[in-house]
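*Asks:* coordinates only, sequence not included:
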């Protein structure tokens, strides 16, 4: 008889990674000269450090799960030398050389712990779990902010996010054994994470609230596998934190220390990065060495944790051309893209406008994450129990689509979209500019150019330094991108000319 | 020696309630003819049922905690006859007559429970806790939606919220004893609440997710005291649910049943109320008896739980006049108001613009709720342990203020504000209209009229049927409130006239 395990599961399985064995020429001259990488990844900060996003089309074509070699990467410096040793490929069978890697759980805890990767993977010692998480860089879509007004961050396009199946142990389990001193003056309120990287301002480190870390609903994990494979050095080999629903900057790689503390992390990267300061603070003021400015930077209210709701049009892609000739022009075009929200909240709707917000249409949304909820209780994947069915949370991106007759698209100047999440957060029409250029989430707008018998679609920007896209074009033409109409003539004005 | 208990606590204590003994003439002709009420409350649905908000000025003057007699009320029908018996005043010593009131915990649980109010209050049986919670009607600020386009809800002003110190037992504690059947096919995923009121469509009932209900961080409580007093019949005498951070409609009054279920509540009021349908659904379509429309109503994605971020200008009030004569004109005006967010999230900033969004100023924010976090571990208030210090969540409104030179106010056409919460949700410039008119949270805008040597301030609307406010005025003048400029002439247009 056919057993359930011999059936193809209802949930998505990761595409096989490309086996990376070649060191790219551009890496040979850098401290990362031992790290094999995928040449398709778009480098956002020159050849080093390695900060990359996949091409939006390649990312989207892979669907729900991103192969490890195409997953976006945010490195603040060189890969730690201890994990940059060969074999640093991503194939499990070749890389069990770091099983003795240890991390500590210390600080305000009753039972400090030292845990090796070998122990962590041992099912008799720790309850291993597997679930999908979309990681998103806080800088996703920052290029748009930089065109409006230069921020202090580099120019991510709309591909600063990726999804993988992560396997590891819940941080709530680990902390439960360490027993944080929360009661009677113990004062434990935060959990700091520290990696192994050596940077100009020390090791990369950050913190989250202890209440979140101890909450199984939040799903924070110490992970040793990604899509069933050992972690590639760019993704935290051999062990990292994964914080679902929060900005990627909290998911510390190359994990060495978990420290329970009274206050938030004092790490330079926690205080002076991953914040959305008030829009009133400009680049010059933010660099001032005043007490007032120091107070602003250290105000935990401006630290960012939960992702905000966001969405992007992937099809049509930038530069895509659609023919309107003959029968073709009588057809339809299926708009498609992605959306996500933070804090475990679901994207509840995606709306599309062809008239700049005067009227809206409702797109369909597919949530591949929900298919893992149908897994049998106790079902295992990659050595971890699939731990999704009981969760009410959404940790992953979703996909939307809307079929539009070309006869309507040809009448429109542009297509804009906005998503709403289950806490009723709505993508705003206008950009909230801030000095670090983070969490950019205004309506995603694609301009439609009518050229003879074709429509040509133009995205707002392209990642990195290329000046392609309507934002740079409008700016060069003298348009004011902040006028509330994307730098175009104000509608009312035209009527009176 | 002075003991800590003889010192005035750092946290706010409730103002004494007004002792209500008189039945108002307007209630005498209704089923609520035994219920004493405060005559200042503004009735939004005629004399019956009792749906009221306090005058915004009175609410704001009371500060953080609202006396029970001024707290907003949303009743769907008559007060249940069993609790409308005298003495139905709000003074504890006079009203212990309903201590035998029982509610059940049933459905998908291992140990069904029946709990009386007497048992619930017994510290040897249940861990009683006290903390402040701001309840907000999902319809707060709906009047603004109704002026733009009539929704299916009645016209709340900006006073549809109030804050009280609630005492009771955590729902997570109660459920832990009942043991929901979550594992191995038990399928428990929702918790339904049912009250004792008899309505045309049955008893009022609704549900929340079981994962929330069992999460102590979420702070859902079964409460028997409000500001240290027994519950007034309008507030759920003798026992009710209080769900912090969510719309008031989930906080079921006159609690009779807690039912653990597989699916969300099937109660009419759960399915056909407290939802934000897509903006594309108009009043006619929403009433159609089609399969498609039924599917839309039952789509849990459109049910609303967490409050969205919102803020209001309370000072200047509507109609307030400020003199600019002589020395007075050289002074400043201190703008003040309230803000709140949902899901336990903190309001992280409040920004003010005098030029319709071209530039912003940052207001100061006071969080009186944080002062309860300073209470000693185990400190009791009203028979409940103050249970705030360990919580990272914000369950209450906060207050903002900003001093502005009159010399600048006299140059402005209006003042607009927007708040952002810790998940980076930002109040949008434009309204998200939906057919039930809920969760309205665009920038709050006060128009400034320059009249001789004075400035007169005009709020968008006033509650109920009065047509006061700039929205009704602009509409009557033929302005299109949806033009992105509050119905005023589009700025670019003027230049070209």
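*Replies:* Great, that's in hand. Computed from a predicted model, the values in this text were never measured in an experiment.
*Asks:* strands of the stretch 151-300 of chain A, start to end?
*Replies:* Along the stretch 151-300 of chain A, counting by DSSP state E, counting those that start in this stretch, strands occupy A:161-170, A:190-194, A:205-209, A:221-226, A:229-230, A:240-242, A:257-261.
*Asks:* want to throw those strands into a markdown table with mean pLDDT, distance to chain B and mean neighbour count?
*Replies:* The way it works is simple: take the backbone N, C-alpha and C, and place the C-beta from them, glycine included. Formatted as a markdown table, the strands of the stretch 151-300 of chain A follow (pLDDT from 0 to 100; distance: least, CB to the nearest CB, whole Å; neighbours: other CB atoms under 10 Å in any protein chain shown):
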| stretch | mean pLDDT | distance to chain B | mean neighbour count |
| --- | --- | --- | --- |
| strand A:161-170 | 98 | 15 | 25 |
| strand A:190-194 | 98 | 9 | 25 |
| strand A:205-209 | 97 | 5 | 23 |
| strand A:221-226 | 97 | 17 | 26 |
| strand A:229-230 | 92 | 30 | 24 |
| strand A:240-242 | 98 | 18 | 25 |
| strand A:257-261 | 98 | 14 | 21 |
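*Asks:* mind checking these for the one nearest to residue B:84?
*Replies:* Closest of those to residue B:84 is strand A:205-209, at 44.3 Å (criterion: CB to CB).
*Asks:* and the angle from the closest one to strand A:190-194?
*Replies:* When axes from the mean of the first three to the mean of the last three CA atoms, to 10 degrees is applied, the directions of strand A:205-209 and strand A:190-194 differ by 160 degrees.
*Asks:* how far does strand A:205-209 sit from its chain's centre?
*Replies:* Taking CA atoms, centre = their mean, to the nearest Å, the mean C-alpha location of strand A:205-209 is offset from the chain mean by 17 Å.
*Asks:* now do the buried residues in stretch A:259-275.
*Replies:* Under the neighbour-count criterion of 16 or more other CB atoms under 10 Å in any protein chain shown, stretch A:259-275 has A:259, A:260, A:261, A:264, A:265, A:267, A:269, A:270, A:271, A:273, A:274, A:275 buried.
*Asks:* coming back round to it: go through the strands of the stretch 151-300 of chain A and name the closest to residue A:248.
*Replies:* Closest among the strands of the stretch 151-300 of chain A, using CB to CB: strand A:161-170, at 8.1 Å.
*Asks:* adjacent strands (with direction) for that closest one?
*Replies:* Take DSSP bridges as the rule and strand A:161-170 pairs in its sheet with strand A:128-136 (antiparallel), strand A:221-226 (antiparallel).
*Asks:* mind putting the ones you listed in a markdown table, distance to residue A:345 included?
*Replies:* Listed next are the strands paired with strand A:161-170 as a markdown table, based on distance: least, CB to CB, whole Å:
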| stretch | distance to residue A:345 |
| --- | --- |
| strand A:128-136 | 13 |
| strand A:221-226 | 19 |
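*Asks:* low-confidence ranges, the stretch 1-150 of chain A, go.
*Replies:* A:1-8, A:86-95 (pLDDT under 70).
*Asks:* and the gap between the residue of it found nearest chain B and residue A:408?
*Replies:* Per CB to the nearest CB, residue A:138 is where the stretch 1-150 of chain A lies closest to chain B, at 9.7 Å. Here residue A:138 is placed at a distance of 36 Å from residue A:408 (CB to CB, to the nearest Å).
*Asks:* great, nothing more from me.
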